[in-house]
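K.L.:
everything below, folded, please.
(chains A, B and C)
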Amino acid sequence: MLYIKCPYCGYRSQNEFAYGGDATVKRPELNKEVTDKEWDNFVYLRKSPRGKHLELWHHVSGCRQWIKVLRDTNTHEIFNTYKSEDKVET
Amino acid sequence: MTQSFRLDNTGLINKNKKISFKFNGKNYFGYEGDTLASALIANGVHLVGRSFKYHRPRGFFGAGVDEPYAIVQLSRNGETDPNVRATEQELFEGLEAKSVNCWPSVNFDIGAINNFLNIFFPAGFYYKTFMWPKSFWYKIYEPFIRKAAGFGSASTKHDKEKYEHKYEYCDLLIAGSGPSGLASAYAAAKNGARVILAEDKPRYGGSLLTSDVSIGNQSGKDWADNIITELKGMENVIVKNRSQIFGYYDHNMLVMSERITDHLPKSDKHTPKQRMWYIRAKQVVISSGSIERPIVFGNNDTPGVVLASAAKEYMKVYGVLVGKKPVIFTNNDSAYETAIEFKKNNINPVVLDSRKNPQSEIIKEALSLGIEIKFSHVVVAAKGYKKVKSCDIAMISDNKENLIDISNIKCDCICVSGFWTPTIHLASQSGSKTKFIEDIDAFVPDKSKQKEITLGSANGVFTLDETLKTSFQKGYELSKEITNQDNKLQSPQVSEKQQSKHDKFWCVPLPNGKNYKRFLDFQNDVAVSDIELALREGYRSIEHVKRYTTLGMATDQGKTSNLNGLQLVSNIENKVVPAVGHTTFRPPYTPVTIGAIVGREIGKHSKPTRKSPMHSWHEKNNAVFVDAGVWLRPRYYKKGNEGLFEASKREAENVRKNVGVCDVTTLGKIDVKGKDSAEFLNRVYTNAWLKLPVGKARYGVMLREDGVVMDDGTTTRISENHYHMTTTTAQAANVLSHLEYYLQIVWPELDVNVVSSTEQWAGAAIAGPKSRDLLQKIFPDIDVSNDALPFMGFLEANLFGVKARIFRISFSGELAYEVNVESDNGNFMWEKIIENGKDFNLQPYGTEALSTLRIEMGHVAGSELDGRTIPYDTGLDGLVSKKKDFIGKRSLLRKAFNETDRQRIVGVVPLDKKTSIPEGSHLVNDPKAKMPILKLGHISASCWSVEHNNPFSLAILKDGKNMIGSKLYAMSPLKNKTIPVEIVSSHYVDPKGERVRS
Amino acid sequence: MQKYSVLSLIKNAFSSHKDWEVAWKDQDPKKEYDVVIIGGGGHGLATAYYLAKEHKITNIAVIEKGWIGGGNIGRNTTIIRSNYMHDENALFYEKGMELWRSMSQDLNFNIMFSPRGIINLAHSDAQMNAYARRGNSMKLNGIDAVLLNREEVKNKVPILDFSDNVRFPIFGGLMQPSAGTARHDAVAWGYARQADSMGVDIVQHCEVTGFDISNGKIKGIKTSRGDIKAKKVGLCVAGSTSILADMLNMTLPIETHLLQACVSEPIKPLLDHVVTFGAGHFYCSQSDKGEMVMGGDLDGYNSYAQRGNLPTLQHVLTEGIAMFPFLSKLKMLRTWGGIMDMSMDGSPIIDKTHIQGLYLNCGWCYGGFKATPASGFTFAHTIAQDKVHELNAGFRLDRFSTGHLIDEKGLGTKTWIS
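P.N.:
Coordinates of the predicted model:
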């Protein structure tokens, strides 16, 4: 069971969190012309890397904050966790 | 009855307490502290079961968790447990057990015919036959094979036992209480660390219980006892026996199953049978020891062939002899301890040592005791069917390939030792790679993957001195890192016998002309010839070998067989063992009771049950409930002999004619606050929200980014920067997470906060032409006229002293209101409504009538918003703003979403106006067409229209927009129904929506 | 090739089984092939078999980074069914059923297809209605389906919990009587043996490290055992598709997730059907060895680790006991995990790509095992003819852009939610 450090609450077991998928996906801005390709990139296309993956987790049974987690999808090692507004270099 | 194999002067059992038990219907007795295995052996019982495939007789091979043979069906406390290992099951008064996988009895087993035909049943024989005739596999062969398979029988009753879970955190978790576990636990505990020490067996001490060593000035066992006593008295230490750590999961989470009452006749009412511990440890010490591995020889599965270490344990711990005329067959020194122990108990063993001329202290001791030792000798084959009666032995050539001078010696047991295999399961589960150590012919953990360390024989260290030194040191170091304390203990002086090197010998060659079965995996009957066959047929990867032959797939998971299997593959393939590799070690280390994994979440408690504050009123008033997610909602209120149809029709009619009240507490409610709330709602919903005035509600639809409708509901502007959003019952949690995602991740610049208020409010929908009259009666002080509280209006008011919110919204298409009060006042509100409604013929209505009302109105709900439909499909395209952007809008431009014949909601009426159309029927043009029949759409919801007094359905139909007036067929082949229908508008009642505004 | 039969078994018994030939040869890669299939799992081997059998293309290599059959074909819960609602899926999987029924004979390898019937339990009227929609759709597509009421379910599977002490009582169920199970490993081995006999090279322990593409055309692949030229290349590497896609600079509408399963210790026969729990995510059948084979949820976050965590299994087994109380007393013997391509609408992709001569077979979600023959059959057609077969015409890659989704569950793009 993963042990995730919520930047607000500290270490908590995985069962307090809900997964939120790839955090590098960026929603196109509102009211902006978006090509099909750009939109598909946002809605459907995922790199799904083996290795480092910056992803969203939602501390649903805790502070209800969405956080970012840098995790290895092969080993489940968590390198770091971030607040949603933190900029992360991957 | 006497126990002819019980020793008088040895053993750790309590000979003052006799325990009687039954095996295969026969009465026996043993002593407190016995296992079922030790008690049976004491009584001279060696035949306990039959093997999986050939039904060969099976006895006892080990003395613990590694046991491949002795599996029994156990009765306890009026219940039956399948597949219990007799070597682990402690004896209790009244225990009853019987053999499995044999018929009619373990002594005479019909299935043993397989053994005589075994040449026709090599590994994987079933892949090559049973193919003709085609249908016979499933009809004849498979049922026959299935019947023969399986061991014990499961009870089909509910399990009366309780199981519970416990969560624990510690600095050091130590798996195994042998020398390395005790030493590291003691060193760490004395240095202030919070320690959990787990021992699988009832007795602490591991190998110290049976080895002839001294630590300090005490025997190994006394030292262990004293350490345990001291640890138990320390506040920072938890010591648990009968507790198996079976899984090492991510981020140092380990799981341990504690057997609390398995060793007792029954559990008392408040004690669980087992407890599952979830332990998050800062550091883990794996001190799980090692398991002796056998040497492979002919008929090595005959009852009476046992591991040498098990024979010693039976003598030293249980005071039981596995035989009185033992042959000890070894390739290393450790079996000499067994020989000496026999000798001490006045039994004369014969030792066959495959080594040519080994020199060591213990061999000298054995010789000096007069024990007969034959070097360069091996057991060629065991003789005897249900018990060893003798064995063929031979001298073996130096290259271990030739047998010289085969002779037969009488014996009643063969104690075999092929050296030791470190128990690396937990380290491997942690993710650590393994490395092969030539010196010990076995794998040990390589670099630690998580925060764990493996010590003692689990790490391939077989001397006590080194084990204790390292373990004291590591216990100190690991604890120091955590506690920052610096209390270091000295490792005690150890006296032990130095061992000479073991022989790299693990399989006795077949003598010329003999075809003995030489087993690797005893439970699954996998012999050397099976592995040879697999390799011959090209199944060369170790995983292929395992899957083709089933090696290591039995309930002991290959604890005694896997390494010998690898050796064999390595020999035949001419590869070194590490190049062959091993199969993956996965949790659980040993099988774990499923009930214990699940814990208390069983029966009614398998999921939570949510009830509205008015639930008890509904119960008292004959409500029949329905599950709505985890909520229970009244489906209808039963009057007299009414069924669902009559009751819901009555309730719905009453809404259309008079007034009804429905509990709508379960609807999701979210408070939206902040100065950018309007802007946020404008982005979340497809329609426009910027101009909604305070005191007004609006219906909204929200999409997922892929353009599919996610949810709908009304949201009301309570004040300038405060909105009250409602969601469907099913989507409440998802919608909240969805909103939080956009606020926190996508648009953090918006000043908006959201919080669930579902639990804060109880809700009652009052619907029907007389609802305004009722409302006025319960809110006499306010003006509820159409002008003062128009459709989609909102008021705050006082309900007999209780704060209430009134929303003029309608789900039924009638003039309707929804009244909310704080949850604690829910029942009060409900009773006031009921009481005051009498004058207006008020009746409560349930979800079934609610459905009828919404269906005939053409109001979409869950069966139309099924995660596949877009606004157009459900007739909600009028609510899609063309001007502004919102979540999911871009997806609506996709080709398939704009095809001119796109599916769309319609109404469906049977031509005969009588036949109800089953939900889930499909609409077709030609019911007699050839399969596959072209489907045009499906019936999403059906009701008996109380307005028109005939059946009415909603459907999602291809090109629905242009199909109004068409005649089609609704087909339900599952129910053999084909119903001619007409397609009509989905708004079957009040299409102009006049009533809600009246 | 030696024929397997009861006679050959008896004959070989008298020569101590010393004369059996290898089932397939472990080949070294040649320099060049007409078709290279990447992935020696069930789909890859089946594709090679059907290319050889149906399209007479035999200069083929199946390239496998580990040992054949080591991926999801050897890690599933062996369920075979075609009980789908959408036509694209239903007709495709029904073709699969047809191939399953004669597979043992076609391959001369007993893959133990056991049409014991699958029952999806329903726990509410709404669920019964949803099943009616699916079952009617199946029937109109010519697939067998029966809607069972509570009593009928009880007659078929009396060991389900019909007591009052349940959270979600059983209302009924949807049954596909012709669905069932098969011996998973045997499928891979059977296809390998026949493909090998027709001249296909099976190359194990050969990892793909790159692709040779020029002018938008595939020329070959780079591997840990050297470069291999190929006129056509098919990707059949469910679970690892995204890794190969990355080498091709492609981003796909899939994510990789872990699905766990477990078996209990073997017990005497108790359950004659495959049963799935409608109020949660649990399915169960009893193997011919007597083990209860159980599966359910994804671990719930992107994963390439073929090792799972306990909460998911705990959750799955909780639903198991809710359905079958007798499971409580059994012991969990073995657990394992497989990595899945979870596609964004829950349906697979079998298609050409923008690179000429490169073909894609991926996105099988939970359903890869039962799809093995139909996937091989249609993918072979797509590769050989350079155009999709009518049965995989719906499984195109661009359906996400066009909106022609095939979403059986209606869950959208959160692939990790089951």
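K.L.:
tell me which residue in chain A sits closest to chain B.
P.N.:
Nearest residue of chain A to chain B, counting by C-beta to the nearest C-beta: A:Y3, 3.8 Å away. All C-beta atoms are positioned from the backbone trio N, CA, C, and that covers glycine.
K.L.:
I meant to write the stretch 51-200 of chain C there.
P.N.:
Counting by C-beta to the nearest C-beta, the stretch 51-200 of chain C gets nearest chain B through C:A132, at 2.8 Å.
K.L.:
which positions in chain A make contact with chain C?
P.N.:
Contact residues, chain A versus chain C (C-beta under 8 Å from any C-beta of the partner chain): A:1-2, A:14-15, A:19, A:21-22, A:36, A:40-41, A:43-50, A:53, A:55, A:71, A:73-76.
K.L.:
apply 10 Å and report the result again.
P.N.:
Taking C-beta under 10 Å from any C-beta of the partner chain as the contact definition, chain A meets chain C at A:1-2, A:13-15, A:17-22, A:36-37, A:39-41, A:43-51, A:53, A:55, A:57, A:69, A:71-76.
K.L.:
narrow those residues to those in strands?
P.N.:
If you go by DSSP state E, those have A:S13, A:A18, A:Y19, A:G20, A:G21, A:D22, A:H53, A:E55, A:W57, A:V69, A:R71, A:D72 in strands.
K.L.:
quick one: residues contacting the closest residue to C:H86 other than its chain neighbours.
P.N.:
Among residues not flanking C:H86 along the chain, C:I406 sits closest, at 5.0 Å (C-beta to C-beta, 6 or more residues apart in numbering or on different chains). When contacts are counted by C-beta atoms under 10 Å, 6 or more residues apart in numbering or on different chains, C:I406 touches B:868, C:84-89, C:92, C:343, C:345-348, C:394-395, C:399.
K.L.:
can you tell if stretch B:969-984 touches chain C?
P.N.:
Yes - against chain C, stretch B:969-984 shows contacts by C-beta under 10 Å from any C-beta at B:A970, B:M971, B:S972, B:P973, B:L974, B:K975, B:N976, B:K977.
K.L.:
for that stretch, buried residues please.
P.N.:
If you call a residue buried by 16 or more other C-beta atoms under 10 Å in any protein chain shown, then stretch B:969-984 has these buried ones: B:Y969, B:A970, B:M971, B:S972, B:P973, B:L974, B:K977, B:I979, B:V981, B:I983, B:V984.
K.L.:
what's the answer for stretch B:269-286, then?
P.N.:
Within stretch B:269-286, the residues that qualify as buried by neighbour count (16+ other C-beta under 10 Å) are B:272-286.
K.L.:
of all those, which comes closest to B:I806?
P.N.:
Within the buried residues of stretch B:269-286, proximity to B:I806 (C-beta to C-beta) peaks at B:Y278, which comes in at 48.6 Å.
K.L.:
now that closest one: how far from chain C?
P.N.:
Using C-beta to the nearest C-beta, to the nearest Å, B:Y278 is found at 8 Å from chain C.
K.L.:
what's opposite that residue in the beta bridge?
P.N.:
Beta-bridge pairing for B:Y278 (DSSP bridges): B:Y167, B:V255.
K.L.:
check contacts around it.
P.N.:
B:Y278 neighbours (C-beta under 10 Å, 6+ apart): A:1, A:13, A:15, B:165-169, B:247, B:249, B:253-256, C:310-311, C:314.
K.L.:
what's the answer for B:K930, then?
P.N.:
By C-beta under 10 Å, 6+ apart, the residues touching B:K930 are C:G142.
K.L.:
how about the helices in the chain?
P.N.:
With no chain named, the answer covers chain A. Counting by DSSP state H, chain A has helices at residues A:36-43.
K.L.:
my question was about chain C
P.N.:
For chain C, applying DSSP H gives helices covering C:6-13, C:42-55, C:87-101, C:103-107, C:125-140, C:150-156, C:184-197, C:241-247, C:310-323, C:368-385, C:399-402.
K.L.:
roughly how far does the residue in the stretch 751-900 of chain B that chain C sits nearest to sit from C:K414?
P.N.:
Residue nearest to chain C within the stretch 751-900 of chain B: B:G867 (2.4 Å; C-beta to the nearest C-beta). Distance of B:G867 to C:K414, given as C-beta to C-beta, to the nearest Å: 11 Å.
K.L.:
B:P613 too?
P.N.:
Noted for B:P613: a distance of 33 Å to C:K414, by C-beta to C-beta.
K.L.:
one more: B:N658?
P.N.:
As defined by C-beta to C-beta, B:N658 lies at a distance of 45 Å from C:K414.
K.L.:
repeat for B:A189
P.N.:
Distance of B:A189 to C:K414, given as C-beta to C-beta: 47 Å.
K.L.:
if you count surrounding residues, which of these two has more?
P.N.:
Each of B:A189 and C:K414 has its neighbours counted (other C-beta atoms under 10 Å in any protein chain shown); B:A189 has more, 26 against 16.
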